[in-house]
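Colleague: Take a look and give me a structure for this.
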Amino acid sequence: MDDEAGAVGLKRAILERAGHDVTVCSTAPEAIALLLTETFDAIVTDWKLGEDSGREVLVAAKTQSHVPVVVVSGYCAEAFTAVEPQADLYLEKPVDPEELVAIVSALLTAPGKS
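Modeller: Prediction:
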């Protein structure tokens, strides 16, 4: 999730090229609704989503499952100091595409992941 369409498209293309299936949401409520009905291996979200907050997505993801959550944002300092739950990783924008792929891949192959 990201509030910038170009950033969403770029992240999607990068992750799909690396072999990951990607579901894109344009709002926090849309993402939260999907978290209630679908199963995901990892979540990549921005912290500021227009009028919505990535915190809502983070809380829903950590409440509904134990999937890793990566926050990619220009507001990492604010996101990192927020109260629990915490994301598994915070990346400051702009994120290096190779770094994003490496991080998501590592989180998906970490011990305890299938």
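
Colleague: Next, find the distance separating the residue most central in space within the chain from Ser73.
Modeller: Of all residues in the chain, the one closest to the mean position by CA atoms, centre = their mean is Val44, 1.4 Å from it. For Val44, the distance to Ser73 equals 11 Å [CB to CB, to the nearest Å]. From N, CA and C alone the C-beta is placed, and that goes for glycine too.

Colleague: Make sure Gly6 is indeed in a helix.
Modeller: Yes. Per DSSP: H, G, I helix; E, B strand; the rest coil, Gly6 lies within a helix segment.

Colleague: Run through the helices of this protein in chain order.
Modeller: Taking DSSP state H, the helices of the chain run over residues 5-17, 28-37, 54-64, 76-80, 97-108.

Colleague: Against which helices or strands is the second one packed?
Modeller: In terms of contacts (3 or more CB pairs under 8 Å, 6 or more residues apart in numbering; DSSP states H and E), helix 28-37 is packed against strand 43-45, strand 52-53, helix 54-64.

Colleague: what distance separates it from the centre of its chain?
Modeller: 13 Å (CA atoms, centre = their mean, to the nearest Å).

Colleague: Flag every buried residue along it.
Modeller: 28, 31-32, 35 (16 or more other CB atoms under 10 Å).

Colleague: Output those residues in JSON lines, with distance to Gln64 appended to each entry.
Modeller: Listed next are those as JSON lines, based on distance: CB to CB, whole Å:
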{"residue": "Ala28", "distance to Gln64": "14"}
{"residue": "Ala31", "distance to Gln64": "11"}
{"residue": "Ile32", "distance to Gln64": "9"}
{"residue": "Leu35", "distance to Gln64": "5"}
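
Colleague: For the residues you listed, could you give me TSV that also reports pLDDT and distance to Lys11?
Modeller: TSV is the format used below for these (pLDDT from 0 to 100; distance: CB to CB, whole Å):
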residue	pLDDT	distance to Lys11
Ala28	89	16
Ala31	90	14
Ile32	91	19
Leu35	91	18
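
Colleague: That's all I had, so thanks and see you.
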